[in-house]
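In: predicted model, plus sequence, below.
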Protein chains: 2
Amino acid sequence: MNYLFENINARNQGKILKLLEAEYLTLPKNVNLFTIISSDSFLGLVRTGNLQIVKNDYSGNRTIVEDLNENAVFGSIITNLNSTEYEVIAKEETKIILIDYNRLYQNDYSKYEYYNEFMKNLLKILTDKIEERNQRIEILTKKTIRNKLLEYFRMLAKKMGTRTLYLPFSFTELADYLAVDRCAMSRELKYMKEEGFIKISSRRITLMY
Amino acid sequence: MNYLFENINARNQGKILKLLEAEYLTLPKNVNLFTIISSDSFLGLVRTGNLQIVKNDYSGNRTIVEDLNENAVFGSIITNLNSTEYEVIAKEETKIILIDYNRLYQNDYSKYEYYNEFMKNLLKILTDKIEERNQRIEILTKKTIRNKLLEYFRMLAKKMGTRTLYLPFSFTELADYLAVDRCAMSRELKYMKEEGFIKISSRRITLMY
DNA sequence: AACTTAATGTTGCAATTGCAACATTAACGA
DNA sequence: TCGTTAATGTTGCAATTGCAACATTAAGTT
């Protein structure tokens, strides 16, 4: 895991947040961030709780763009939020920090050695975000629901190092993530169970191959 | 466009490249970078020419991960290349610079003020890469070939600011990009032409809606 | 120009999928 | 605990798509 403040002590952390005029916010459960603030040019950091970035497009489709937990970074540096199509929803009470995105670039803080560390961390986080996107693209690129599921399961299993994995979200959300019809996915999972490929009990899935 | 050396003069550019022990390479047409070098932990910069990062997965599918021209940045900071599945192919003779990825993080160059600028540029480039990925995900998320095509055309048209757009790659490559069967895509394009949605002459496409 | 190779176009057909409509179960709030 | 809402499961059916096989055209090479 990469944290924005990795290798930066609490004191310097505070200095950075002050330099950048960071803003502290608490989002109640099920509240959309954009009902509280209007700007979309920020770098956000989840302190505690859980956030989802959700896109509702004109044809009524709903997609989870990101599912964010403690220490996760979000904002227009990562997702173009400048559209009414996006919602940033707290799935539970969530504490966040917002940093004006422009301040990151405007000033030259290179004289503060810890700021350089901060930038390095940010770089690493962005690299990870790209990797996340690449993985999703990898999955979406598969031509059948079964192959999308298998690719996804394979990745999760690899991350966890076992053949048993826990879905980080619900089946409804999984269907969104894979960009397939939930019912069709449910049917495919049934077939895969029947053929002995996988075992499912609630969100625990075991690969049998 | 964002360049790695934006706002850095030639002299300091040279210093940075020296600090980072950058390596200069020329790739002949149709040559895979990995037939020349073995390391995959680098940050690459295209000086002139054209590169494609292509993935061949185990089931024989071929996908263009990236299509890179002058000033484009590539490497494991953006795409996990640590797999024999990837090829970095020069579509024409291409000059590149390679920087050992680890050197970016290992040392503390914050004393060089231009290095901070360099990091900022890199940050901006990564942000753009994420945006690229998000756009592709947006497209791949559409459920029909027609909607994928329309979403893609819409984005290109928006970029160009007109209803007429030029495909940056061939139809075969477009099918890869959209992750659909080329023949099925060709059929769909025919229908769209017949219905008067679009006009096509070679790679120039005009939106009629 | 002749030849080779790559790209594009076309179509029938079977497989996969989305959609709709509904049943069942789980989760949640009063 | 009851009632409500959200999540999950199920299935028929029509639409979409991938696949295969082949024709045509364009591009590249000698």
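Out: Nice, I can see it. Residues are numbered from 1 along each chain as shown, chains lettered A, B, ... in the order given.

In: quick check: the residue nearest to A:Arg204 when sequence neighbours are not counted vs A:Ile205, distance?
Out: Closest residue to A:Arg204 apart from its sequence neighbours, by C-beta to C-beta, 6 or more residues apart in numbering or on different chains: A:Tyr166 at 5.7 Å. The C-beta positions use only the backbone N, C-alpha and C, and glycine is treated the same way. Per C-beta to C-beta, to the nearest Å, A:Tyr166 is found 8 Å from A:Ile205.

In: quick one, which of those two is more surrounded?
Out: A:Ile205 (22 against 10; other C-beta atoms under 10 Å in any protein chain shown).

In: pretty sure that one sits in a helix.
Out: No: looking at A:Ile205 with DSSP: H, G, I helix; E, B strand; the rest coil, it is strand, so not inside a helix.

In: sorry, back to before: mutual contacts of A:Tyr166 and A:Ile205, please.
Out: Common neighbours of A:Tyr166 and A:Ile205, using C-beta atoms under 8 Å, 6 or more residues apart in numbering or on different chains, do not exist here.

In: name the residues of chain A found near chain B, please.
Out: By C-beta under 8 Å from any C-beta of the partner chain, the residues of chain A that approach chain B are A:59, A:61, A:63, A:65, A:77-80, A:104-105, A:108-110, A:113, A:115-116, A:119-120, A:122-124, A:126-127, A:129-131, A:133-134, A:136-137, A:140-143, A:179, A:181.

In: is A:Val88 in contact with A:Leu33, as I believe?
Out: Yes: contact criterion C-beta atoms under 8 Å: A:Val88 and A:Leu33 qualify, at 3.8 Å.

In: the more surrounded of these two?
Out: A count of neighbours by other C-beta under 10 Å puts A:Val88 above the other of A:Val88 and A:Leu33, at 27 against 23.

In: what score does the residue nearest to A:Arg204 have for pLDDT?
Out: With respect to pLDDT, A:Tyr166 has a value of 95.

In: also A:Lys111?
Out: For A:Lys111, pLDDT reads 68.

In: swap in A:Ala175?
Out: In this model, A:Ala175 carries a pLDDT of 96.

In: any idea how far it lies from chain B?
Out: 11 Å (C-beta to the nearest C-beta, to the nearest Å).

In: can you tell me the closest non-neighbouring residue to that residue?
Out: Leaving aside its chain neighbours, A:Ala175 sits nearest to A:Arg182 (3.9 Å; criterion: C-beta to C-beta, 6+ apart).

In: ok, the one you found - contacts?
Out: Going by C-beta under 8 Å, 6+ apart, A:Arg182 touches A:Phe171, A:Thr172, A:Ala175.

In: sorry, back to before: ok, the residue nearest to A:Arg204 touching A:Ser202?
Out: No: between A:Tyr166 and A:Ser202 there is no contact under C-beta under 8 Å: 9.2 Å.

In: for chain A, which segments count as helices?
Out: A:10-19, A:101-106, A:113-140, A:145-160, A:171-178, A:182-194 (DSSP state H).

In: which other residues reach stretch A:193-204?
Out: Stretch A:193-204 is contacted from outside by A:153, A:164-167, A:170, A:189, A:192, A:205-209, using C-beta under 8 Å, 6+ apart.

In: hmm, I was thinking of stretch A:164-172
Out: Contacts to stretch A:164-172, defined as C-beta under 8 Å, 6+ apart, come from residues A:64, A:67, A:153, A:156-157, A:160, A:174, A:177, A:182, A:185-186, A:189, A:203-207.

In: how far does it stretch from one end to the other?
Out: Length of stretch A:164-172, first residue to last, C-alpha to C-alpha, to the nearest Å: 20 Å.

In: and the closest residue to A:Met192 other than its chain neighbours, what's its pLDDT?
Out: Of all residues not flanking A:Met192 in the chain, A:Ile198 sits nearest, at 5.1 Å (C-beta to C-beta, 6+ apart). What the model reports for A:Ile198 is a pLDDT of 94.

In: can you give the contact residues for stretch A:143-157?
Out: If you take C-beta under 8 Å, 6+ apart as the criterion, stretch A:143-157 is touched by A:135, A:138-140, A:142, A:163-167, A:174, A:177-178, A:180, A:184-185, A:188-189, A:191-192, A:198, A:205, A:207, B:61, B:179, B:181.

In: ok, A:Ile64 to A:Glu92 distance?
Out: Distance, A:Ile64 to A:Glu92, using C-beta to C-beta: 16 Å.

In: who has more neighbours, those two?
Out: Neighbour count, other C-beta under 10 Å: between A:Ile64 and A:Glu92, A:Ile64 has more, with 16 against 12.

In: what about the more buried one, distance to chain B?
Out: Using C-beta to the nearest C-beta, A:Ile64 is found at 10 Å from chain B.

In: show me what that residue bridges to in the sheet.
Out: A:Val54 (DSSP bridges).

In: so it sits against A:Gln52, correct?
Out: Yes: counting by C-beta under 8 Å, A:Ile64 touches A:Gln52, with 5.7 Å between them.

In: got the residues of chain A near DNA strand D?
Out: A:143, A:170-173, A:182-184, A:186-187, A:189-190, A:200 (C-beta under 7 Å from any atom of the strand).

In: can you report how many residues neighbour the closest residue to A:Glu188 other than its chain neighbours?
Out: Distances taken as C-beta to C-beta, 6+ apart put A:Ile145 closest to A:Glu188, at 4.5 Å, once the chain neighbours are dropped. Here the count is done by other C-beta under 10 Å, and A:Ile145 has 21 residues near it.

In: for DNA strand D, see how far away A:Ile145 is.
Out: A:Ile145 is 11 Å from DNA strand D, where distance means C-beta to the nearest atom of the strand, to the nearest Å.

In: what are the structural domain limits within chain A?
Out: Following automatic domain parsing, chain A resolves into domains at A:10-132, A:142-207.

In: comparing the ones you listed by mean pLDDT, which bottoms out?
Out: Lowest mean pLDDT within the domains of chain A: domain A:10-132, at a mean of 85.
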